[in-house]
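1. Sequence plus the predicted model coming up.
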Amino acid sequence: MTQLKRIAGPLARVIGSGWTLALISAALFVAAGYVETGSVQMWCFVVINILLAQSINLLTGIAGQISLGHAGFFAIGAYASALALKAWGIPFVLALGLSTTVAAGVGWLLAIPAGRVREFYLAMMSLAFGLIVYEIAREWREVTGGVMGLRGIPSAQIATLTVFGFTIGTVWYFRILLALLVAVTVMVRNFVRSHFGRAMLAVHVSEIAAGTLGVNQAGTKRFAYAISGGLAGLGGALYAHLVGYLTPESFGLMRSVAILVMSIVGGLGSLAGQVLGATFFTYLPELLQSFLDFQYMVYGLALVVSFALLPKGVAGLLGLQTRYCRSATDAGLAGAEPALADHRQVGVPGRPLLEVESVVMSFAGLRALAGVSLALEAGSVVALVGPNGSGKSTLVNVISGIYRPTAGRVVFEGVDIAGWQSYRIARLGITRTFQDPRNAPNLTVRENIIMGANRLYRSSALAVALDTPAARAEEDHFLSRVEALMAAAELKPYADTEIRVLPYGIQRLAEVTRALASEPKLLMLDEPAAGLSEAESAQLARLVRLARDHGVAVLLIDHHMDFLAELVDEVVVFEAGDEIYRGDMDGMRSHPAVITAYLGIEETEHA
Ligand SMILES: Nc1ncnc2c1ncn2[C@@H]1O[C@H](COP(=O)(O)OP(=O)(O)OP(=O)(O)O)[C@@H](O)[C@H]1O
């Protein structure tokens, strides 16, 4: 095992490199002309399975939306393209585009109900989707041929397929598939390591935290379903014109299970893992020729073994890790940009940046906020303190759009944002951290921090997939900002380390730095100093000052009076959802109501 670990790093670099992809593709392109047709046909199935595995990996491995009915998209693409060619005489290339679009459209529509449910319910809904498509394929005989199947589809196998006037046999069909696969792989890789991939992963890790980064959760899911559906549909179309004959049995539940198994065993989340999983499971039935009846038992066993021994699949074993941004050295950047934008001139002149007016928040009879008001100026630091359960986090949740207040107004830059969705609020420049850090654990510190900048990107999905110069320049700009921010936060030594293995204090600092990467106008920190060492607290204080000096308004919840004393312009004390004090720190310490409600408790606790 140790030996494997030693070779895993270099091996992963070789497998994951673009040169390897180019070399293997070129070798296969040439070799297809010299091997038996049967082998080339198998290679075609491998390509189709890789497309299916990449498709489910985007949806399940990256966006976190389980799919047990993926064969449904595969079927839609297959039948759509078959009919387009056979019944309507549409050229092959257009038919591919059409079937991909139809499957993507179905994915987008499916996301409307599926995006609202999670876990078990989502699994059931996706299962139902697969079964419905299967039943339609069986019962809609006039179109699909029902159980008798759809025959006579122009196909490479019997050389009835023409592309741009050329008749295509299996070898050239494979070459077309290979070229498509390379193009799709490169585009998917570019997409995943852009702000789109990071948005999908953010939704996967925590929908609530994703919203506070400005990620439209429902929209991101619809997009993930559409791209995933489209890719599986493309796989289906390519399958239809390979075999020339479709029956509903090719698109049943077992197909959906097989797609999921390939992806899990290959390594959910890893793009290279999908290639390995799909290749292995395409050849598995061949290897098991004499035990064909037990094929599904083997699938089951592979799953059990994978869960038990390889939780991250073969990709995990080989150390293949899909990255969500380029490294700064790749990008040739050394923090040429300033760490933060200057927000000193933001807001409506003559008005505070944020005005909370008589906000009430009730939970089934419990008044967590009993009509609180608060104003924050750009470039000021206000502390919110009070005993446990006094409503501090609830106020932050209301301002950041996680809760809709029962009554009252939250006015930001002159606009009442009370009850807006959290991602819309975040896009105005309001961000926050959580009492328990909500980072993406498997991502590096750099990847986590650049996630914070999501709301600021303008490049389209197509531009990032094609890696256009403008999209690359935009990414470079934010990578450079992140370098500068990491330097300011003293996080550079951890830039390429997965955040889950780092000490708690560093994880917290990284979350605060991620919030700063969104270039906020208002930053709300919920107990950021909890669990921090003295040195880490000092690092945190430097970050808060950096924000303040750039005109950011900071609302700081914390219990550490020494930490707050050095930083804050004003302190507000809550008790039972009501303000009991507002003023400076010294005044707070001697205020009778505060002593009874808050410091009294602390003193008793310390006694
Ligand atoms: N989603 C919710 N549903 C029901 N009650 C809630 C909810 N969120 C908060 N509360 C209640 O509202 C009150 C205020 O909680 P809140 O978390 O805002 O307090 P806090 O001052 O931040 O305390 P702590 O320092 O412990 O975080 C508590 O009684 C809490 O149980």
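-> Noted; the coordinates are in hand.
2. I figured S270 was touching R323, is that so?
-> No: at 10.3 Å, S270 does not count as touching R323 under the criterion of C-beta atoms under 8 Å. Yep, even glycine has a C-beta here, placed from its N, CA and C like the rest.
3. more crowded one of these two?
-> S270 (27 against 18; other C-beta atoms under 10 Å).
4. pLDDT wise, what is the more buried one at?
-> Per-residue confidence (pLDDT) for S270: 92.
5. That one and R189: what is the separation?
-> 11 Å (C-beta to C-beta, to the nearest Å).
6. Next, work out how far apart the residue nearest the centre of the chain and the ligand are.
-> Centrality entry for the chain: nearest residue to the mean C-alpha point is L201, 1.6 Å, by C-alpha atoms, centre = their mean. Applying C-beta to the nearest ligand atom, to the nearest Å, the value for L201 to the ligand is 26 Å.
7. That residue: what secondary structure?
-> Look at L201: counting by DSSP: H, G, I helix; E, B strand; the rest coil, its state is helix.
8. can you pull the contacts of it?
-> L201 makes contacts with 62-64, 324, 440, 443, 451, as judged by C-beta atoms under 8 Å, 6 or more residues apart in numbering.
9. Show me what counts as buried in the particular helix or strand that has F45 in it.
-> Assigned by DSSP states H and E, F45 belongs to helix 37-56. Neighbour counts using 16 or more other C-beta atoms under 10 Å place 40-56 of helix 37-56 among the buried residues.
10. try stretch 453-461
-> 453-457, 459, 461.
11. So which of those residues is the closest to D584?
-> Of all the buried residues of stretch 453-461, R455 has the smallest distance to D584: 34.1 Å, by C-beta to C-beta.
12. Is that closest one in contact with G211, as I believe?
-> No: using C-beta under 8 Å, R455 is not in contact with G211; the gap is 10.8 Å.
13. so what's in contact with the two at the same time?
-> Residues within reach of R455 and of G211 at once, by C-beta under 8 Å, 6+ apart, are A426.
14. still on that earlier bit, let's have the contacts of L201 in a markdown table, adding distance to S480 and neighbour count.
-> Output for the contacts of L201, formatted as a markdown table (distance: C-beta to C-beta, whole Å; neighbours: other C-beta atoms under 10 Å):
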| residue | distance to S480 | neighbour count |
| --- | --- | --- |
| I62 | 25 | 26 |
| A63 | 28 | 24 |
| G64 | 30 | 21 |
| Y324 | 17 | 24 |
| A440 | 21 | 22 |
| L443 | 19 | 24 |
| M451 | 16 | 27 |
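15. Looking at those residues, which has the smallest pLDDT value?
-> The member of those with the lowest pLDDT is Y324, at 93.
16. Quick check: the residue nearest to the centre of the chain vs T20, distance?
-> Taking C-beta to C-beta, one finds L201 at 25 Å from T20.
17. Can you spell out which helices and strands pack onto the top helix by length along the chain?
-> Longest helix in the chain, counting residues (DSSP state H): helix 217-243. Packed against helix 217-243 by the contact rule (3 or more C-beta pairs under 8 Å, 6 or more residues apart in numbering; DSSP states H and E) you find helix 37-56, helix 71-86, helix 92-114, helix 170-192, helix 195-205, helix 207-212.
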